[in-house]
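Visitor: let me see the structure of the following:
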Amino acid sequence: MDRFARSLVARASGGSVALSQLWPGRTDRLIIAPHDLRTADATRAAEIYAGRFVFAGKIVTCHGRSIFDLEPPSEDWEVALLGFGWLRHLRAADTALTRANARSLVDDWITNPANRRPIGRRADVLSRRVISLLSQAPLVLSDTDGKFYRRYLRWLTREIRYLRYAMLDVPDGVPRLQVLIALCYASLCLANQGRHVRSASRRLSDELQRQILPDGGHISRNPGALIELLIDLLPLRQTFAARNIAPPPALLNAIDRMMPMLRFFRHGDGSIALFNGMSGTPSDLLATLLAYDDTHGTPMVGMPHSGFQRLDGGPMTVIVETGVPPPANVSHEAHAGCLSFELSSGPSRIVINCGMPSNGRDNWRAFARGTAAHSTLTYHDTSSCQFIEMSAMKRFLHGAPIVSGPVNVELKREEVASGILLTASHDGYVGRFGVLHRRVLMAASDGSRLEGEDIIVPAAGARSRGADTDYAVRFHLHPSVKASRLSDARGVMLVLPNRDVWTFEALDDKVDIEESVFLSGNDGPRRTAQIVIRQDARQASSIRWNFIRSATSAALTATRRNARREPELPL
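Guide: Purely as a prediction, here's the structure:
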């Protein structure tokens with residue numbers, strides 16, 4: 001209802017002359033252009049000049065028409081087009097031809113009636129466009145005349161004014177922060193915006209303190225939110241410094257907390273663990289962000305506010321989700337993956353969650369958010385969280401937030417003689433089935449072994465539904481892992497890309513290898529496999545399993561490591 005009320009106010013103020021006078025936004029010049037940290041590809045400038053626009057896996061060719069007049073092939077493609085982030089590719093080429101092409105395309109957008117498309121007025125797209133037009137202003141305004149310069153600034157001011165209206169109806173979470181970041185950029189980069197600098201900084205500070213948790217995680221519990229925000233917050237910090245204005249302490253504190261959290265989610269190959277809507281991240285973008293990290297220390301072992309644990313032993317890394325779902329207003333991308341984990345050894349990922357694709361999310365969202373798409377226990381083929389399912393409500397709320405799920409996650413972490421022992425349980429199945437899921441993980445200190453046990457425990461005082469007692473434990477494998485079931489049907493041999501061999505064993509149960517899908521690949525969804533163990537709680541209330549690295553693999557790794565060492569120089 002709060003969202004509905006804000007939407008009414010936003011629509012009313014969008015056409016109000018009286019309200020528009022509160023934010024006149026008058027400016028006569030651009031003072032500074034912020035730095036864009038996103039990777040640019042100069043070769044794509046030639047494609048754009050030829051009228052070929054490649055976004056979100058779709059190609060549209062203009063054939064002499066305005067790109068803004070053509071029907072977009074997908075919503076993701078249209079979002080990328082109207083965000084104007086592609087201007088950075090033209091700037092990377094840095095030729096007179098690309099500068100003229102950039103001016104022509106921007107002028108086309110300014111004068112084209114299509115600039116009032118609903119997608120283009122969406123808060124996240126509008127904020128992305130404002131930041132792009134500010135950061136790429138040197139490209140667009142280079143070698144131009146005063147008439148185009150003034151028209152560009154008038155239009156940019158109008159976009160910023162509309163963005164202030166959109167703030168009344170912006171969804172919570174990352175989109176709201178992106179709008180406030182864009183407004184901060186606007187107040188710093190344009191002349192005669194002194195009073196807006198103070199108000200925009202204050203509002204951004206308040207929102208950062210609310211959304212960035214004390215351990216550095218985002219309130220949505222999505223690791224991808226950290227990347228989306230840091231890619232804009234780091235240049236914003238530089239822009240404050242370039243204007244000789246002290247950055248807000250909340251901005252500096254948020255960045256200092258988010259950087260260690262980003263490293264917490266990294267596997268040995270540099271990829272980010274796939275929890276709560278995380279998709280594939282280009283390695284060059286992640287490397288750019290981490291270059292700004294001044295700590296370079298060992299990742300923390302636990303993030304209690306965000307709800308994650310990390311177990312490190314030798315070359316082995318285990319990242320476990322141990323938190324409750326985020327608040328409903330920021331849970332539109334959250335997953336039902338409580339107590340799921342990911343396992344990697346050195347540069348090779350072994351056990352993963354399915355993740356979420358970068359494009360075409362609507363096709364996979366229902367599957368990717370379910371518990372079965374995660375490496376954890378699924379009771380009676382049911383997710384540990386429930387989502388809004390009514391189509392009318394999903395349209396009204398612009399998504400399907402979580403309406404129920406685990407309320408209490410108990411956690412105990414111990415350092416024992418042989419490694420790290422983690423015991424956790426959640427109550428996501430108590431309301432429907434009267435049972436708790438408990439998971440025990442034991443990570444060897446030398447990284448050679450991960451032992452686990454999944455247990456179904458009757459909840460105290462809850463009524464158990466006797467007919468629904470089947471459950472399954474799943475371990476989704478990375479596509480680079482070759483899996484072969486052993487002859488006794490109780491184990492699986494796993495061959496990693498670096499030829500290391502691991503063995504999965506179920507001590508008392510039959511093991512199956514079934515098809516799965518890896519959704520977070522940079523080249524789109526890929527087929528992979530999953531290890532599945534099925535059981536009936538009436539016959540066996542627990543499943544014991546382990547991942548063991550073969551001694552041969554350990555010896556070969558040590559040999560390769562020694563071979564790579566440079567010989568010592570004589571004194």
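Visitor: wait, what's in contact with the closest residue to Arg257 other than its chain neighbours?
Guide: Closest residue to Arg257 apart from its sequence neighbours, by Cβ to Cβ, 6 or more residues apart in numbering: Gly216 at 3.5 Å. For glycine as for every other residue, the C-beta is placed from the backbone atoms N, C-alpha and C. Applying Cβ atoms under 8 Å, 6 or more residues apart in numbering, one finds that Gly216 lies in contact with Leu226, Arg257, Met258, Met259, Pro260, Met261, Leu262, Phe264, Met303, Ser306.
Visitor: and the gap between the most centrally placed residue in the chain and Leu213?
Guide: By Cα atoms, centre = their mean, the chain has its centre lying nearest to Gly224, at 1.8 Å. Using Cβ to Cβ, to the nearest Å, Gly224 is found at 15 Å from Leu213.
Visitor: what do you get for Thr376?
Guide: 23 Å.
Visitor: of the two, which one has the most company?
Guide: Thr376 (26 against 18; other Cβ atoms under 10 Å).
Visitor: chain neighbours aside, what residue packs nearest to the more buried one?
Guide: That would be Ser340: by Cβ to Cβ, 6+ apart, it lies 3.9 Å from Thr376.
Visitor: correct me, but that neighbour touches Cys354?
Guide: No: at 10.1 Å, Ser340 does not count as touching Cys354 under the criterion of Cβ atoms under 8 Å.
Visitor: mutual contacts of the two, please.
Guide: Each of His374 lies in contact with both Ser340 and Cys354 under the rule Cβ under 8 Å, 6+ apart.
Visitor: the helix or strand containing Ser205 - what's its average pLDDT?
Guide: Element membership for Ser205, per DSSP states H and E: helix 194-211. Summarised as a single mean, pLDDT over helix 194-211 is 92.
Visitor: so what's the gap between the helix or strand just after it and the chain middle?
Guide: Going down the chain from helix 194-211, the next helix or strand is helix 223-242, by DSSP H and E. Relative to its chain's centre, helix 223-242 lies at 15 Å (Cα atoms, centre = their mean, to the nearest Å).
Visitor: and for stretch 490-509?
Guide: With Cα atoms, centre = their mean, you get 30 Å for stretch 490-509.
Visitor: contacting residues around His374?
Guide: Applying Cβ under 8 Å, 6+ apart, the residues near His374 are His335, Ala336, Gly337, Ser340, Asn353, Cys354, Arg474, His476.
Visitor: list the contacts for the fourth one?
Guide: By Cβ under 8 Å, 6+ apart, the residues touching Ser340 are Phe275, Val320, Glu321, Asn353, Thr371, His374, Ser375, Thr376.
Visitor: how close does the residue nearest to Gln386 when sequence neighbours are not counted sit to Asp470?
Guide: Leaving aside its chain neighbours, Gln386 sits nearest to Ser404 (4.6 Å; criterion: Cβ to Cβ, 6+ apart). Relative to Asp470, Ser404 is positioned 21 Å away (Cβ to Cβ).
Visitor: low pLDDT regions in the stretch 51-200 of the chain?
Guide: 114-115 (pLDDT under 70).
Visitor: now the helices: where do they sit in it?
Guide: With DSSP state H, counting those that start in this stretch applied, the stretch 51-200 of the chain shows helices at 75-83, 87-93, 96-111, 123-135, 137-141, 146-166, 174-189, 194-211, listed in chain order.
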